[in-house]
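Asker: starting from these lines, generate the structure:
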Amino acid sequence: MKRENKITVLSSTKNLHSIRKFIERSALNSGIKKEKVDQIVLAVDEACTNIIKYTYNYEESHRISIKTLTNNKEFIVEIIYRGKGFDPNKVKSPNMKEYLKKFKVGGLGIPLMKKFLNKIEYHHIRPNLNKLILIKQL
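Answerer: Predicted coordinates for the structure are as follows:
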């Protein structure tokens, strides 16, 4: 059985709450346990925050489209956005001992995404169109 839900929001950090609620509702309706739902929500929040910050430079006029798909094996989140693309798989996780020693702030979003998800795919569909696929096995 497949379930599909969609939402499109403007690229504003004000809309992250709506994105989190949408992902939470979709995942809970798919029968995923709350602990895993929270992990998925955090991963999607990090991905969308990075798009808003690094692709759109906090310009609120752009759109981010999010689609969730559920089958018997996976919960899949597709994030589609225009502009400069970015593949999170190319980011290496920091050495946590060094990170903590330097009292750094930030930079842990992608490592958290990788920890909480089973797979992250990045697709540059055509100039200025990107798709980030986040997969959590059920």
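
Asker: surely G85 forms part of a strand?
Answerer: No. According to DSSP: H, G, I helix; E, B strand; the rest coil, the state of G85 is coil, so it is not within a strand.

Asker: for it, phi and psi?
Answerer: phi -90, psi 170 (degrees, to the nearest 10).

Asker: quick check: it vs I64, distance?
Answerer: Distance check for G85 against I64: by C-beta to C-beta, to the nearest Å, it reads 13 Å. Quick note: C-beta positions are derived from backbone N, CA and C, even for glycine.

Asker: these two: who's more crowded?
Answerer: The residue with more neighbours, out of G85 and I64, is I64; 23 against 18, by other C-beta atoms under 10 Å.

Asker: who's in contact with that one?
Answerer: The neighbours of I64, taking C-beta atoms under 8 Å, 6 or more residues apart in numbering as the test, are T8, V9, L10, S11, N15, I19, C48, I51, I52, I79, I80, Y81.

Asker: can you map out the strands along the protein?
Answerer: 3-10, 63-70, 74-82, 119-126, 129-137 (DSSP state E).

Asker: now render the ones you listed as JSON lines, adding distance to D38 and mean pLDDT.
Answerer: What follows is the strands of the chain, written out as JSON lines (distance: least, C-beta to C-beta, whole Å; pLDDT from 0 to 100):
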{"stretch": "strand 3-10", "distance to D38": "18", "mean pLDDT": "94"}
{"stretch": "strand 63-70", "distance to D38": "15", "mean pLDDT": "97"}
{"stretch": "strand 74-82", "distance to D38": "13", "mean pLDDT": "96"}
{"stretch": "strand 119-126", "distance to D38": "18", "mean pLDDT": "91"}
{"stretch": "strand 129-137", "distance to D38": "11", "mean pLDDT": "95"}
